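Engineer: Any chance you can model this:
(one chain, ligands or ions: 2)
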Amino acid sequence: MLKIENVSVYYDKAIAIDNVSIEVKYNEAVCVLGSNGAGKTTLLNAIFNVVPKLGRVVLNNIDITNTPTHKIAKMGVVYVTDKRTVFNDLNVYENLEIAAFDIIKSSGRKFFEKNLSAIFEHFGNLEEKQKLKAGYLSGGEQQMLSVAQGLIRAPKLFVMDEPTAGLSPKLMGYVFDIIAFMKKQKMTILIVEQNVNKTLMATDRAYIMEVGKIKDSGNSKDFLDSESIKKAYLGG
Ligand SMILES: Nc1ncnc2c1ncn2[C@@H]1O[C@H](COP(=O)(O)OP(=O)(O)OP(=O)(O)O)[C@@H](O)[C@H]1O
Ligand SMILES: [Mg+2]
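Structural biologist: Ligands and ions are numbered 1, 2, ... in the order given. Sure, this is the predicted structure:
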């Protein structure tokens, strides 16, 4: 479904990611793990053309190496960045509506309402708060809302950068439940996380990144308590 081939990113002259190749197959959940500064966010930004890169990116056999970010977004792909994207002055419902604006136009409001009820089932008390301005939500709730804004688009490929960062164990639990829900909906998932064990349990395959390079890859379950993981995080 998604192929990243020999991608490198330079910031000025420093190399942030060096010849990275990863693949995400249809209906797979793949994670990229690695410590701070390993280049995980840079990799996602390179896929979506937020930063200039060398190499090639292919989505469903279409070369998207040079496709502008907003056009990739129209190809059934959602990228939830590590920055929250909620509009503080709009309420929760309006935030979801605006995130799906073009989808409502093309697929109709029924499609939106159907997705909305599925989302409310999985996002704790978001439904009760749908009339509340997003600015009044807690930071963690805003983060959940930005994941919900991605999900409301019912993407084929869902890419997330550290969705659980800073969340309470309860909200974190919702995020991992939602990942299981996405898999059931036949979505394909690429997730960057620091929450190693939970992410390994929720995904099929893992890539381990260390200072800009992929150091190891394989089935997620095989990395639970592995030396590769310890080395990537502790540098040992
Ligand atoms: N805009 C930029 N200009 C210069 N250097 C950058 C820029 N963005 C990131 N870097 C550098 O590139 C490297 C990789 O950063 P990146 O944000 O991709 O890491 P990360 O794995 O996402 O880390 P974290 O887990 O902390 O989010 C780091 O050394 C970082 O300092
Ligand atoms: Mg990052």
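Engineer: Break this protein into its domains for me.
Structural biologist: Domain ranges of the chain: 1-76+157-163+187-236, 78-154, per automatic domain parsing.
Engineer: tell me, what residue is most central in the protein?
Structural biologist: M160 (1.1 Å; C-alpha atoms, centre = their mean).
Engineer: Up against ligand 1, what does this structure have?
Structural biologist: Within the chain, the positions adjacent to ligand 1 are 11, 16, 34, 36-42 by C-beta under 6 Å from any ligand atom. Bear in mind the C-beta positions are built from the backbone N, C-alpha and C, glycine included.
Engineer: Can you pick out the most distant pair from the residues you listed?
Structural biologist: Checked with C-beta to C-beta, these reach their widest spread between Y11 and G34, with 17.1 Å between them.
Engineer: Looking at those two, which one has more neighbours?
Structural biologist: Each of Y11 and G34 has its neighbours counted (other C-beta atoms under 10 Å); G34 has more, 25 against 11.
Engineer: contacting residues around the more buried one?
Structural biologist: Taking C-beta atoms under 8 Å, 6 or more residues apart in numbering, we find G34 in contact with 40, 208-210, 232-233.
Engineer: Nearest to L200 among those?
Structural biologist: L200 has its nearest neighbour among those in I208, at 10.5 Å by C-beta to C-beta.
Engineer: The closest one: neighbouring residues, count only.
Structural biologist: Using other C-beta under 10 Å, I208 is surrounded by 23 other residues.
Engineer: Quick check: the residue nearest to it when sequence neighbours are not counted vs M172, distance?
Structural biologist: Closest residue to I208 apart from its sequence neighbours, by C-beta to C-beta, 6 or more residues apart in numbering: D216 at 4.3 Å. From D216 over to M172 the distance is 25 Å, taken as C-beta to C-beta, to the nearest Å.
Engineer: again with F120
Structural biologist: Applying C-beta to C-beta, the value for F120 to M172 is 19 Å.
Engineer: next one: E5
Structural biologist: Counting by C-beta to C-beta, the gap from E5 to M172 is 33 Å.
Engineer: for F176, what are its contacts?
Structural biologist: For F176, the contact set (C-beta under 8 Å, 6+ apart) comprises 164, 198, 201-202.
Engineer: Would you point out the most distant pair within those residues?
Structural biologist: Based on C-beta to C-beta, the longest span within those runs between T164 and M201 and measures 12.7 Å.
Engineer: out of the two, which sits in the busier spot?
Structural biologist: Shown here are T164 and M201; by other C-beta under 10 Å, T164 has more neighbours (25 against 13).
Engineer: if we can go back for a sec, sheet partners, orientation included, of the strand or helix carrying the residue nearest to I208?
Structural biologist: Here D216 sits within strand 213-219, counting by DSSP states H and E. In the sheet containing strand 213-219, its partner strands are strand 205-210 (antiparallel), by DSSP bridges.
Engineer: Excluding covalently adjacent residues, which one is nearest to Y93?
Structural biologist: Q130 (4.3 Å).
Engineer: Equivalent analysis for A134, please.
Structural biologist: In space, A134 is closest to V86, 4.2 Å off (C-beta to C-beta, 6+ apart).
Engineer: same check, this time on I229
Structural biologist: With sequence-adjacent residues excluded and distances taken as C-beta to C-beta, 6+ apart, I229 is closest to F223, at 5.5 Å.
Engineer: which residues touch that neighbour?
Structural biologist: Here F223 is in contact with 33, 200, 206, 208, 216, 229 (C-beta under 8 Å, 6+ apart).
Engineer: So for it, what's the pLDDT?
Structural biologist: F223 is assigned 93 on the pLDDT scale.
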